[in-house]
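Colleague: return atomic coordinates for the entry below.
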Amino acid sequence: MESDKEREAPLFDLSRSLGDLSKDRAFIATLVEVFRQDLEKEKAKLAEALRTMKADEIRNSAHSLKNSATSFGAPGATDAARKLETAAKMKEYEALPDLAGEVIMKFDELSRALEESLKDS
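Modeller: Next up is the predicted model:
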């Protein structure tokens with residue numbers, strides 16, 4: 001469950017994570033497109049790993065997603081992926097489906113927000 005602080009925090013902070021590069025809209029558009037393409041691939045890998053309950057593959061997908069979210073300064077998505085990565089590492093099989101669902105929700109939300117931010121500029 002989200003705290004009040006998490007609900008108030010922005011989904012991402014490009015200026016914090018990318019510094020001066022955050023002002024280069026063409027660069028950001030390319031970054032967002034690569035992120036969205038990679039996200040779809042990672043979601044497919046994660047779904048297959050969950051179907052077969054391969055904890056190492058779940059951990060690898062969560063780790064990749066965590067790194068992507070960190071690049072955008074997205075604390076909610078980063079935290080969700082970190083929790084999934086940890087649970088997979090600890091082989092907490094019962095927790096994995098719910099945590100993966102949270103990851104997918106946070107990353108889909110981030111993807112939409114990034115896309116919207118490009119329209120606003």
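Colleague: flag the shaky bits of this structure, pLDDT-wise.
Modeller: Filtered on pLDDT under 70, the chain yields the residue ranges 1-23, 120-121.
Colleague: after the longest helix along it comes which helix or strand?
Modeller: When the chain is parsed with DSSP state H, its longest helix is helix 25-52. Later in the chain than helix 25-52, the nearest helix or strand by DSSP states H and E is helix 55-71.
Colleague: the helix or strand following that following helix: which residues count as buried?
Modeller: Downstream of helix 55-71, the first helix or strand assigned by DSSP H and E is helix 75-89. Going by neighbour count (16 or more other Cβ atoms under 10 Å), the buried part of helix 75-89 is 75-85, 87-88. To be clear about C-beta, it is placed using only N, CA and C from the backbone, and glycine gets the same treatment.
Colleague: show me what helix 75-89 is packed up against.
Modeller: Secondary-structure packing of helix 75-89 (3 or more Cβ pairs under 8 Å, 6 or more residues apart in numbering; DSSP states H and E): helix 55-71, helix 96-120.
Colleague: and the last one, what does it pack onto?
Modeller: Right, helix 96-120. By 3+ Cβ pairs under 8 Å, 6+ apart, helix 96-120 packs against helix 25-52, helix 55-71, helix 75-89.
Colleague: ok, and which of the helices and strands packed on helix 75-89 has the densest surroundings?
Modeller: helix 55-71 (a mean of 20; mean count of other Cβ atoms under 10 Å).
Colleague: tell me the helices and strands packed up against it.
Modeller: Packing partners of helix 55-71 (3+ Cβ pairs under 8 Å, 6+ apart): helix 14-18, helix 25-52, helix 75-89, helix 96-120.
Colleague: pull the contacting residues for S64.
Modeller: Contact analysis of S64 by Cβ atoms under 8 Å, 6 or more residues apart in numbering lists D38, E42.
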